[in-house]
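[1] Generate a structure from the sequence data that follows.
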Amino acid sequence: RQRRISSIRKVVSDLTSNQWQEILEMSGGRCSYCLKSCDSLQQDHIVPVSRGGGYTQSNIVAVCSFCNQSKANQTPLEWLIKQNLGYDLRR
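    I've put the predicted structure just below:
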């Protein structure tokens with residue numbers, strides 16, 4: 001679904017399955033944000049697609065489902081500040 005929406009929006013989408021495997025290997029089985037071990041890491045966009053980010057090797061990190069869902073369309077910095085300080089910078 002996301003890739004279909006991305007193609008409509010003309011989002012750059014050149015991440016290959018080999019590149020995703022490299023990202024997974026580099027993560028060592030740990031979430032890039034919370035560093036917890038996870039068997040099923042997901043792709044997260046550093047710059048969210050809604051903000052112009054694409055499906056590229058330089059914009060994708062491996063994360064656990066909790067971090068991926070709670071980060072939503074925030075940047076990692078916005079999300080981390082909200083997690084640590086308990087408030088939303090976008091207000």
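
[2] Show me how far stretch 24-31 is from its chain's centre.
    Relative to its parent chain, stretch 24-31 has a centroid offset of 13 Å by CA atoms, centre = their mean, to the nearest Å.

[3] Give me the distance between the two termini of it.
    Chord length of stretch 24-31, first to last residue, is 10 Å (CA to CA, to the nearest Å).

[4] So which bits of stretch 52-61 are buried?
    When burial is assessed from 16 or more other CB atoms under 10 Å, stretch 52-61 yields the following buried residues: 53-56, 59-61. C-beta: built from backbone N, CA, C; applies to glycine.

[5] Widest-spaced pair of these?
    Distance extremes for these: the farthest pair is Gly54 and Val61 at 13.5 Å, using CB to CB.

[6] Can you read off the pLDDT for the residue nearest to Val12 when sequence neighbours are not counted?
    Spatial nearest neighbour of Val12, excluding adjacent residues (CB to CB, 6 or more residues apart in numbering): Gly54 at 3.4 Å. At Gly54, the predicted lDDT confidence score is 90.

[7] Surely Gly54 touches Val11?
    Yes: Gly54 is in contact with Val11 according to CB atoms under 8 Å; the separation is 4.9 Å.

[8] about what we covered before: reformat the buried residues of stretch 52-61 as CSV; add secondary structure and distance to Asn84.
    CSV is the format used below for these (DSSP: H, G, I helix; E, B strand; the rest coil; distance: CB to CB, whole Å):
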residue, secondary structure, distance to Asn84
Gly53, coil, 23
Gly54, coil, 28
Tyr55, strand, 28
Thr56, coil, 28
Asn59, helix, 23
Ile60, strand, 24
Val61, strand, 19
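
[9] Between these, which sits nearest Lys82?
    Proximity of those to Lys82 was ranked by CB to CB; the top entry is Val61 with 17.7 Å.

[10] need the contact list for the closest residue to the closest one other than its chain neighbours.
    Residue nearest to Val61 in three dimensions, not counting chain neighbours: Ser32, with 4.1 Å by CB to CB, 6+ apart. Shown in contact with Ser32 (CB atoms under 8 Å, 6 or more residues apart in numbering): 44, 61-63, 67.
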